[in-house]
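*Asks:* For reference, the sequence and a predicted model appear below.
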Amino acid sequence: MISVLIVDDHTLVIEGIKTLLQDAPGISYVGHATSAGSCRGLLAQLRPDVVLLDINLPDESGIDLCAEITHEYPTISVLALTTYNQETTIRKMMDSGALGYILKNVTCDELSTAIHTVYEGKTFLSFDVAKTLQNSSSNDPLVPVLTRREKEVLMLIAEGFNTKEIAARLFVGSTTVDTYRKNLLVKLNARNTAMLIRMAVVHKLIELN
């Protein structure tokens, strides 16, 4: 069972998500927090697999909290759940380590799929969010969206580190690194490591000295 913690300051939203999760296969609701402060205590106590995180919290930005969670608890997957569908906000959240970004009008099936996807270490964007990024005038729609962790793995790959060395540096398992590597190959449409690095340079995701 995938354990899920909800972080949102609106009781109606929390109750609504709990109701959706009741019928979601393989998913277990373990608790909720209404602020960044209360979230910290529950993270240490519950160690959930996935955190459904709102961006607008009363005591702190969800973007900053996301960066803290992904740094302190690298095994926890953060899935943004919000009403904000602006390109800048989406990218800030993903850069802070969120693996997924969905809106609060989410359906039960989409929520379940999103949770399972980020739990597996893959990226999930709801249709409306993906459309916002694609239509953004400030970004090339051909440039793939990478999470903060994927960028870290990409940089280490480019520097010549192997899977075990990357795992040791990021304090994660080798299997997790392999998952990130596979995601990068897919996102950059690369068949091997050499092509992966070349495509990353083309898209200006990394710079080689």
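*Replies:* Sure, I can see it. Residues are numbered from 1 along each chain as shown.
*Asks:* What sits closest to the residue nearest the centre of the chain if chain neighbours are left out?
*Replies:* Centroid check for the chain by CA atoms, centre = their mean gives residue 99 as the closest residue, at 1.3 Å. Leaving out its chain neighbours, the residue that sits closest to residue 99 by CB to CB, 6 or more residues apart in numbering is residue 118, at 3.9 Å. Every C-beta, even on glycine, is put in place using the N, C-alpha and C of the backbone.
*Asks:* And residue 22, by the same measure?
*Replies:* Leaving aside its sequence neighbours, residue 22 sits nearest to residue 29 (CB to CB, 6+ apart; 7.7 Å).
*Asks:* what bridges to that neighbour?
*Replies:* residue 4 (DSSP bridges).
*Asks:* check contacts around it.
*Replies:* Taking CB atoms under 8 Å, 6 or more residues apart in numbering, we find residue 29 in contact with 4, 6, 18, 21, 22.
*Asks:* Taking those residues together, which two end up most distant?
*Replies:* Of all pairs drawn from the contacts of residue 29, the one with the longest distance (CB to CB) is 6 and 22, at 12.9 Å.
*Asks:* Who has more neighbours out of those two?
*Replies:* Comparing residue 6 with residue 22 by other CB atoms under 10 Å, the one with more neighbours is residue 6, at 26 against 10.
*Asks:* distance of that one from residue 153?
*Replies:* Between residue 6 and residue 153 the computed distance is 28 Å (CB to CB, to the nearest Å).
*Asks:* Also residue 29?
*Replies:* Between residue 29 and residue 153 the distance is 30 Å, computed by CB to CB.
*Asks:* what do you get for residue 192?
*Replies:* From residue 192 across to residue 153, the span is 16 Å (CB to CB).
*Asks:* what does residue 61 give?
*Replies:* In terms of CB to CB, residue 61 sits 25 Å off from residue 153.
*Asks:* What are the boundaries of the strands in the protein?
*Replies:* Here the chain has its strands, by DSSP state E, at 2-7, 27-33, 50-53, 77-82, 100-103, 124-125.
*Asks:* other SSEs contacting the fifth one?
*Replies:* I take that to be strand 100-103. Identification of packing neighbours for strand 100-103 by 3 or more CB pairs under 8 Å, 6 or more residues apart in numbering; DSSP states H and E yields strand 77-82, helix 87-95, helix 108-119, strand 124-125, helix 127-135.
*Asks:* contacts for stretch 178-185?
*Replies:* In contact with stretch 178-185 (CB under 8 Å, 6+ apart) are residues 120-123, 146, 149-150, 153-154, 157, 163, 190-192, 196.
*Asks:* For the residue nearest to the centre of the chain, which residues are in contact?
*Replies:* Residues near residue 99 by CB under 8 Å, 6+ apart: 77, 78, 79, 117, 118, 121, 122, 123, 124, 147, 149.
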